[in-house]
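Participant: okay, predicted coordinates and the sequence, questions at the end:
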Amino acid sequence: MAKTMATTNPVKDKYSTHTVANVQAAIDIQRYSHIRKLLRVTAYVRRFICNCRSDIQSRHTGSLTTQELSAVEISWILHCQQYSYSEEIQNLRYKKSRLPIARQLRLYLDQSGIIRCRGRIYHAPLDENTKCPIPLPAKHPLTRLMLLDAHETQLHSGMHATICQLRQRFWIPKIHQAVKSLLRTTCVTCRKVSSKPYLTPYPSPLPKCRVDDLPPFSVTGVDYS
């Protein structure tokens with residue numbers, strides 16, 4: 001689902017033209033353990049706000065559309081980048097002298113205002129997200145949800161498969177460390193499979209009667225079972 005939303009250009013309907021301010025600030029991302037649930041909850045909140053501002057005839061009901069989910073995903077990515085890359089956004093928006101990270105990754109702003117990296121495979125017959133991935137900070141909660149979603153999409157295949165899935169859309173610094181930490185601490189399924197076996201406790205010391213030098217049958221016992 002995430003790949004479909006990323007490749008679909010959001011249509012400029014009332015969900016994109018009437019910007020709902022501070023929706024991301026009102027939703028605590030730390031309370032969500034899956035990116036799809038976060039997007040759906042945010043989409044329903046935005047739809048409720050837009051319906052309150054619209055006439056009864058123009059209100060939207062029913063299941064969420066791909067356009068709504070795509071617009072919400074873009075808004076969350078923008079919120080994440082504005083929080084972590086505010087200096088880079090101002091630098092690119094006003095065309096000032098580029099920062100070192102902007103020169104290194106050849107950053108630019110797309111039509112939605114999202115920062116993207118321009119690589120050497122720009123003319124390759126690939127998807128736009130693969131040719132120009134979206135940079136995300138390694139320690140942001142949204143990045144953690146993206147990592148977990150990619151890992152589950154690959155059916156818990158491991159670190160390398162998860163990284164390959166993520167690099168089709170995003171550029172995450174220190175991605176190996178982030179994925180390794182995710183598999184070690186967050187993914188319960190992988191922890192059950194790859195965790196160390198339970199260590200048996202050390203045997204207790206033998207009782208004193210078994211180590212003393214005594215005549216035979218000094219200590220006896222009877223088993224009634």
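Facilitator: Received the coordinates, thanks.
Participant: now do the same contact list for residue 148.
Facilitator: Residue 148 makes contact with 33-35, 182, 186-187 under the criterion Cβ atoms under 8 Å, 6 or more residues apart in numbering. Bear in mind the C-beta positions are built from the backbone N, C-alpha and C, glycine included.
Participant: hmm, try it at 7 Å
Facilitator: Contact partners of residue 148, counting by Cβ atoms under 7 Å, 6 or more residues apart in numbering, are 182, 186.
Participant: next up, phi/psi of it, please.
Facilitator: phi -70, psi -40 (degrees, to the nearest 10).
Participant: any idea how far residue 80 is from it?
Facilitator: In this view, residue 148 and residue 80 are 15 Å apart by Cβ to Cβ, to the nearest Å.
Participant: please export the C-alpha coordinates of the strand or helix carrying residue 180 as PDB.
Facilitator: For residue 180, the element it lies in under DSSP states H and E is helix 175-185. C-alpha atoms of helix 175-185 as PDB (Å, rounded to 0.1, in the frame of the first residue of the first chain):
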ATOM      1  CA  ILE A 175      20.400   3.000   8.100                       C
ATOM      2  CA  HIS A 176      22.200  -0.200   9.100                       C
ATOM      3  CA  GLN A 177      22.400   0.800  12.700                       C
ATOM      4  CA  ALA A 178      18.700   1.900  12.700                       C
ATOM      5  CA  VAL A 179      17.500  -1.400  11.200                       C
ATOM      6  CA  LYS A 180      19.700  -3.500  13.400                       C
ATOM      7  CA  SER A 181      18.400  -1.700  16.500                       C
ATOM      8  CA  LEU A 182      14.800  -2.100  15.300                       C
ATOM      9  CA  LEU A 183      15.300  -5.900  14.800                       C
ATOM     10  CA  ARG A 184      16.900  -6.200  18.200                       C
ATOM     11  CA  THR A 185      14.600  -4.200  20.300                       C
END
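Participant: quick one: list the elements packing against the helix or strand following it.
Facilitator: Sequence-wise, the next helix or strand downstream of helix 175-185 (DSSP H and E) is helix 188-194. Helices and strands touching helix 188-194, as assessed by 3 or more Cβ pairs under 7 Å, 6 or more residues apart in numbering; DSSP states H and E, are absent.
Participant: okay, now residue 23: neighbour count?
Facilitator: 17 (other Cβ atoms under 10 Å).
Participant: list the contacts of it.
Facilitator: 42, 45-46.
Participant: so, low pLDDT: which residues of the chain?
Facilitator: For the chain, the stretches flagged by pLDDT under 70 are 1-22, 225.
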